[in-house]
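Asker: Fold the following and give me the result.
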Amino acid sequence: MSDGRGVELAGFWPRVAAQLIDAAWMLPLGLILSVMGEGLRGGQDLSPGADLLLQLISALIILLFWVTRQATPGKLVMRLRVVDADTGGMPPFPRLVARYIGYIVSGLPLGLGYLWMLWDPRRQCWHDRLARTLVVQDPPPRD
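Answerer: Reported below is the predicted structural model:
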């Protein structure tokens, strides 16, 4: 599906695959950071502050990928990019932060915000609408 400017909008399944790939590399990273945190606390569970710090580190990693590559590793593998819905270019940093926070909004009502793209004419999830972004599919590389 195109957005009218010749840009191919990303479909549901490529976006799901990208999320699964991202979970595959973020989960071990989170576990390593948690084990390191527990080691520093003598084997005790992470404090709420340490858990919040772990969430902040995860957010910063994802934001760093969005700012530098317009995609997380999962999106890169699936040839997907996050773009400004109005210009097709790089979204401003505050809107990328809003997009990340919007993940929470999308997930709260039983994931309805993620499924919303199935009915949206621009294939936007709630976090995309909130941040005024699109996820586009790049064409396969030419030989």
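Asker: Can you name the next helix or strand after the top helix by length along the chain?
Answerer: For the chain, the helix with the greatest residue count under DSSP state H is helix 12-40. As assigned by DSSP states H and E, the chain's next helix or strand after helix 12-40 is helix 48-69.
Asker: What average pLDDT does the helix or strand following that following helix get?
Answerer: Later in the chain than helix 48-69, the nearest helix or strand by DSSP H and E is helix 73-77. On average, the pLDDT along helix 73-77 is 97.
Asker: Stretch 107-122 too?
Answerer: 95.
Asker: Could I get the buried residue list for that stretch?
Answerer: Buried residues in stretch 107-122, defined by neighbour count with 16 or more other C-beta atoms under 10 Å: 113-114, 116-117. All C-beta spots, glycine's among them, are computed from the backbone N, C-alpha and C.
Asker: CSV for these, including distance to D84 and secondary structure?
Answerer: Below are those laid out as CSV (distance: C-beta to C-beta, whole Å; DSSP: H, G, I helix; E, B strand; the rest coil):
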residue, distance to D84, secondary structure
G113, 20, helix
Y114, 21, helix
W116, 19, helix
M117, 17, helix
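Asker: so where's this protein uncertain?
Answerer: Scanning the chain for pLDDT under 70 picks out 1-6, 37-46.
Asker: give me the element V82 is part of.
Answerer: strand 80-84.
Asker: ok, then the element right after that strand?
Answerer: Downstream of strand 80-84, the first helix or strand assigned by DSSP H and E is helix 93-107.
Asker: ok, and what's touching the strand holding V82?
Answerer: Residues outside strand 80-84 that contact it (C-beta atoms under 8 Å, 6 or more residues apart in numbering) are 7, 10, 14-15, 18, 66, 70-71, 75, 89-92, 95-96, 99, 132-138.
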